[in-house]
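Undergrad: No sequence on hand, only this structure:
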Ligand code: G3H
Ligand code: ZN
């Protein structure tokens, strides 16, 4: 019998490991990610941003994840990643997602609190143990290859410890995603180093599990330190997108006459599996 997502996160906190959260835009990515997870037998979270959700379809995504979960009795969960307003969060939870991230970092602090509180209240009213995550501090917006660190990301936009305490207490969120030197996307010259001390301090004073966004491009050492410092979930997207695109490009170039999608797309599935397996081994200390 699989446990709830909340319980798997609690377990990760206790074991000082992190659950991998991987974004998908299509079925191939789901196959690649799931193959890797099953091989290692670890829980995973599949994430859909508003854009990814628009492409796959909310109900389709829920049906897929539920079908796999029930068929294999496997801890695979679905998260509404970076949803920007109450209606979008509500729609995702109504459709059957296990959790949602209300991303209101572009709003003034107090408005972020008001919107987040509204989402938490709605999630609680459903009486089915769905989780709400919120973000504090800016880390950029896109899962893509970046020429430089995104504008507006720096020391001054990192999460302040006192803000985090106040925010968590006021909103009663289940999970907090802080800005601790992480950025969305992969910076061509290398991603910045994480502020491990800041993670430690936030974890010491906030009584919620912490989520690290912008995992692509972070060094293995930084990941290990971040998990030790108190990170319980890690998001990866750009690395999956790059693996998919490169494998697809190579196959099409090498096989110009092939037209069967299941043949064309298999190397992309395999490439995603490889990326995810390496990340899951690291996150789960395997
Ligand atoms: O929510 C999605 C993630 O934070 C992905 O970030 O594209 O840098 O891996 P990434
Ligand atoms: Zn993110």
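TA: Yes, it's here. Note that the structure is a prediction, hence the values are computed from the model and not measured. Numbers count the residues shown, from 1 in each chain. Ligands and ions are numbered 1, 2, ... in the order given.
Undergrad: how about the helices in the stretch 1-150 of the chain?
TA: With helices called from DSSP state H, counting those that start in this stretch, the stretch 1-150 of the chain shows them at 5-15, 27-40, 50-56, 58-72, 86-95, 109-125.
Undergrad: Mean neighbour count, those: which tops it?
TA: Highest mean neighbour count of those: helix 27-40, a mean of 20 (counted as mean count of other CB atoms under 10 Å). Yep, even glycine has a C-beta here, placed from its N, CA and C like the rest.
Undergrad: and it, what other elements does it pack with?
TA: Helices and strands touching helix 27-40, as assessed by 3 or more CB pairs under 8 Å, 6 or more residues apart in numbering; DSSP states H and E, comprise strand 19-23, strand 44-48, helix 58-72, helix 238-254, helix 266-283.
Undergrad: burial measure for residue 155, as a count.
TA: 9 (other CB atoms under 10 Å).
Undergrad: again with residue 150
TA: 19.
Undergrad: Show me what the biggest strand by length in the chain is packed up against.
TA: Assignment by DSSP state E gives strand 76-83 as the longest strand of the chain. Secondary-structure packing of strand 76-83 (3+ CB pairs under 8 Å, 6+ apart): strand 19-23, strand 44-48, helix 50-56, helix 58-72, helix 86-95, strand 99-102.
Undergrad: Swap in 7 Å and give it another go.
TA: Judged by 3 or more CB pairs under 7 Å, 6 or more residues apart in numbering; DSSP states H and E, strand 76-83 is in contact with strand 44-48, helix 58-72, helix 86-95, strand 99-102.
Undergrad: Just send the ones you listed back as JSON lines, with distance to ligand 1 too.
TA: Listed next are the helices and strands packed on strand 76-83 as JSON lines, based on distance: least, CB to the nearest ligand atom, whole Å:
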{"stretch": "strand 44-48", "distance to ligand 1": "6"}
{"stretch": "helix 58-72", "distance to ligand 1": "15"}
{"stretch": "helix 86-95", "distance to ligand 1": "14"}
{"stretch": "strand 99-102", "distance to ligand 1": "7"}
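Undergrad: can you redo these as TSV with distance to residue 146 and mean pLDDT?
TA: Listed next are the helices and strands packed on strand 76-83 as TSV, based on distance: least, CB to CB, whole Å; pLDDT from 0 to 100:
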stretch	distance to residue 146	mean pLDDT
strand 44-48	20	98
helix 58-72	27	98
helix 86-95	25	98
strand 99-102	21	98
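Undergrad: what about the strands in the stretch 151-286 of the chain?
TA: Applying DSSP state E, counting those that start in this stretch to the stretch 151-286 of the chain gives strands spanning 175-178, 186-187, 210-212, 231-236.
Undergrad: Determine which of those approaches residue 286 most closely.
TA: Among these, strand 231-236 comes nearest to residue 286, with 14.3 Å by CB to CB.
Undergrad: how close does the residue lying closest to residue 15 once chain neighbours are set aside sit to ligand 2?
TA: Take residue 15 and drop its neighbours on the chain: the residue closest to it by CB to CB, 6 or more residues apart in numbering is residue 285, 7.9 Å away. In this view, residue 285 and ligand 2 are 23 Å apart by CB to the ion, to the nearest Å.
Undergrad: Check residue 171 too.
TA: Distance from residue 171 to ligand 2, by CB to the ion: 18 Å.
Undergrad: Give me the sheet partners of the longest strand of the chain and which way each runs.
TA: Here strand 76-83 is paired, per DSSP bridges, with strand 44-48 (parallel), strand 99-102 (parallel).
Undergrad: Output those in JSON lines, with mean neighbour count appended to each entry.
TA: Listed next are the strands paired with strand 76-83 as JSON lines, based on neighbours: other CB atoms under 10 Å:
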{"stretch": "strand 44-48", "mean neighbour count": "25"}
{"stretch": "strand 99-102", "mean neighbour count": "27"}
